[in-house]
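Novice: Could you look at this predicted model? Sequence included:
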Amino acid sequence: MDGTVDPAAATDAARDLLASVYGFADFRPGQAEIVAAVAAGQEVLAILPTGAGKSLCFQLPALMRPGVTLVVSPLIALMRDQVRALQAAGVVAGALTSANTDAETDAVHAALADGTLRLLYLAPERLVSARTLLARANVTAIAVDEAHCVSQWGHDFRPDYLQIGALRKSLGVPLAAFTATADAETRDEIVARLFDGAQPRVFLHGFDRPNIHLAFAAKDRPRAQILDFAAARRGQSGIVYCGTRAKTEGLARAMAEAGHPACAYHGGMEAEARRAVETRFAVEDGLIVCATVAFGMGVDKPDIRWVAHADLPKSIESYYQEIGRAGRDGAPAETLTLFGADDIRLRRSQIDEGLAPPERKDADHGRLNALLGLAEALACRRVQLLAYFGETAEPCGNCDLCDTPPLTFDGTESVRMALSAVLRTGEWFGAGHLIDVLTGKATPKVRERGHDALPTFGVGKATPPRDWQDVFRQMMGRDLLRPDPERHGALRMTDAARPLLRGEATIELRRETARAAPRPAVKALVADEDAPLLSALKAQRRALAEAARVPAYVIFTDRTLVEM
Ligand code: ADP
Ligand code: MG
Ligand code: ZN
């Protein structure tokens, strides 16, 4: 397709526009090359992390090319924001969406008719009905934002995106696709579906977000773990991703009770209520949003200081996108992802019970494994995360495992005991029963099944049940054991476990230490406005602490907590 623009000249022109239209001094990493390629009419697939500045990579070239650049974007809110920003910068841009006023639509048609329109944003569901309009308009390029929406792999699949490939062919203009999702399958699917198999120039850039601190923790006291994390960051804007709608509401209430400004957000809420949360989050400092993954693409707040996952995300891609919403301004940001055996069971069953064909289910299990591998990592998480995206890195010094290397132990013997319990009970049971067998607990179920007569009965007595739970979770996390949906989630051995069972491999496991020191029980005096003098309160507190031999606090009814 037309390649008449000299890339070097394009970059000079682009720099001028960068300053005059956007007021930016410099391109961010990756932008200059992509802008030059798109402006030169090359077909491009650009994969840049969230916050890298992808919008500019198609907006700027649109100003350098003749005619109209058609932009397909999945969310009306995103389109309207971009159009508003462009118009404010003096660019003639417009959108055709269901949210348009008649005046807005008329303005778009007028600008199309007189040839002044440079960027036309189109909602995906308008692609078919706008075909005649587009054929008549002087469309010279197509830009597809959030291009992973064309892929059935992720949770953002938009069937309307499947129309784009045909539109590219019928208009005969170059297409540039943008996404933050990097894995090879999604990339292949984007190329196949948007470019009709033609090979675009691929730009794959910098996945590291060095300012984001990475941390995972096994679920122990899940709600308290999240509340503690938020309490240590009081006043900072954050998102807690939850696995269910009900949990977003429960957690938002708990946050509010703990004195944080907080609200819930999920797909079951009225559109208006959701917009209200989005707006509040954008303008308010220190708001905590407890949300499902529905709170996502539309979030464009640069100073989100933390993102927590109350439940394990569904894949390493989702994890990366979700934590990537923190710290887009480049300042330090923190994350915490909780995970437990229940999450693994849930995510496995969602894949198994889904309607995808078998080979896709295998791939989905593989992506989940990649995330679980990250959760159970023994060394720098960033090294492992970036390796998944094809980048090599040095230990980062900004993750929990770099901060505190985990304690590990040779888990080979434990794993072999667990596997033998699984096999000897016929692969028909969950971790709870298997742990009863291993620790020699003759429950009615154990006796009824005759499992107290097995040679494995009691062989793991020396290890407390809680540590066995860690062993089973890690075995599930490393995909040595998998719940079988056809056996009510009973754990079955995978092929990956065979070398261990045969004594041909060894395995290192983490020893969970986070809960090694139980939190002391706390005594509290509640003081309201009728409280006695402070000095009297202090004396009461001291007496309480001495009597109970634990720390004591005074809680005022305005929720401040003081240690005196
Ligand atoms: P993405 O779509 O890749 O997530 P955006 O296009 O939304 O990122 O850009 C993220 C932020 O970065 C926006 O606030 C944008 O104005 C800003 N930005 C983009 N390019 C530059 C640049 N070259 N210099 C400074 N800020 C930039
Ligand atoms: Mg974007
Ligand atoms: Zn690290």
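Specialist: Sure thing, it's come through. Ligands and ions are numbered 1, 2, ... in the order given.
Novice: neighbours of A177, just the number please.
Specialist: Applying other C-beta atoms under 10 Å, we find 28 residues neighbouring A177. (Each C-beta comes from the backbone N, C-alpha and C, glycine too.)
Novice: And V383, by the same measure?
Specialist: By other C-beta under 10 Å, the residues close to V383 number 18.
Novice: Could I get the contacting residues of it?
Specialist: T392, A393, E394, P395, C396 (C-beta atoms under 8 Å, 6 or more residues apart in numbering).
Novice: go on, T463?
Specialist: Contacts of T463 by C-beta under 8 Å, 6+ apart are S414, L438, T439, V471.
Novice: mind running it again at 7 Å?
Specialist: S414 (C-beta atoms under 7 Å, 6 or more residues apart in numbering).
Novice: how near is it to E278?
Specialist: Per C-beta to C-beta, to the nearest Å, T463 is found 48 Å from E278.
Novice: go on, L122?
Specialist: Distance from L122 to E278, counting by C-beta to C-beta: 22 Å.
Novice: quick one, which of the two is more surrounded?
Specialist: Legend: neighbour count by other C-beta under 10 Å for L122 and E278, higher for L122 (23 against 18).
Novice: State the phi and psi torsions of the more buried one.
Specialist: phi -130, psi 130 (degrees, to the nearest 10).
Novice: Ok, L338 next?
Specialist: Torsion angles at L338 (phi, psi; degrees, to the nearest 10) stand at phi -90, psi 150.
Novice: Just confirm it contacts R221, I think it does.
Specialist: No. Between L338 and R221 there is no contact under C-beta atoms under 7 Å: 10.1 Å.
Novice: Between the two, which is the more surrounded one?
Specialist: L338 (23 against 11).
Novice: what pairs with the more buried one across the strands?
Specialist: Beta-bridge pairing for L338 (DSSP bridges): A217.
Novice: residue contacts, it?
Specialist: A217, K219, P222, Q225, H309, A310, D311.
Novice: Phi and psi next, for the fifth one.
Specialist: Same thing as H309. phi -110, psi 110.
Novice: Renumber starting at 469 from here on
Specialist: Renumbered: residue one is now 469, and that last one reads H777.
Novice: Excluding covalently adjacent residues, which one is nearest to it?
Specialist: T805 (4.1 Å; C-beta to C-beta, 6 or more residues apart in numbering).
Novice: Could you report the neighbour count for that neighbour?
Specialist: Residues near T805, counting by other C-beta under 10 Å, number 24.
Novice: ok, now R979?
Specialist: Neighbour tally, R979, other C-beta under 10 Å: 12.
Novice: burial of the nearest residue to it once chain neighbours are set aside, as a residue count?
Specialist: In space, and not counting its chain neighbours, R979 is closest to L875: 4.3 Å by C-beta to C-beta, 6+ apart. For L875, the neighbour count with other C-beta under 10 Å is 12.
Novice: cool, the one 3 residues further on as well?
Specialist: When counting by other C-beta under 10 Å, one arrives at 11 neighbours for D878.
Novice: do the same with H734
Specialist: 21.
Novice: tell me which helix or strand of the protein sits lowest on mean pLDDT?
Specialist: strand 1029-1030 (a mean of 42; mean pLDDT, DSSP states H and E).
Novice: next one: phi and psi at the residue nearest in space to the middle of the chain?
Specialist: The residue lying closest to the centre of the chain (C-alpha atoms, centre = their mean) is E790, at 2.6 Å. Main-chain dihedrals, E790, degrees, to the nearest 10: phi -70, psi -50.
Novice: Most proximal residue of this protein with respect to ligand 1?
Specialist: G521 (2.8 Å; C-beta to the nearest ligand atom).
Novice: Can you name the residues that contact that residue?
Specialist: G521 touches R496, Q499, counting by C-beta under 7 Å, 6+ apart.
Novice: Please report how far it lies from C758.
Specialist: 29 Å.
Novice: can you pull out the strands in the stretch 619-768 of the chain?
Specialist: 643-647, 669-672, 680-681, 684-686, 706-709, 730-733, 756-759 (DSSP state E, counting those that start in this stretch).
Novice: which one of those has the lowest average pLDDT?
Specialist: Of all the strands of the stretch 619-768 of the chain, the minimum mean pLDDT falls on strand 669-672 (a mean of 92).
Novice: Much appreciated, bye for now.
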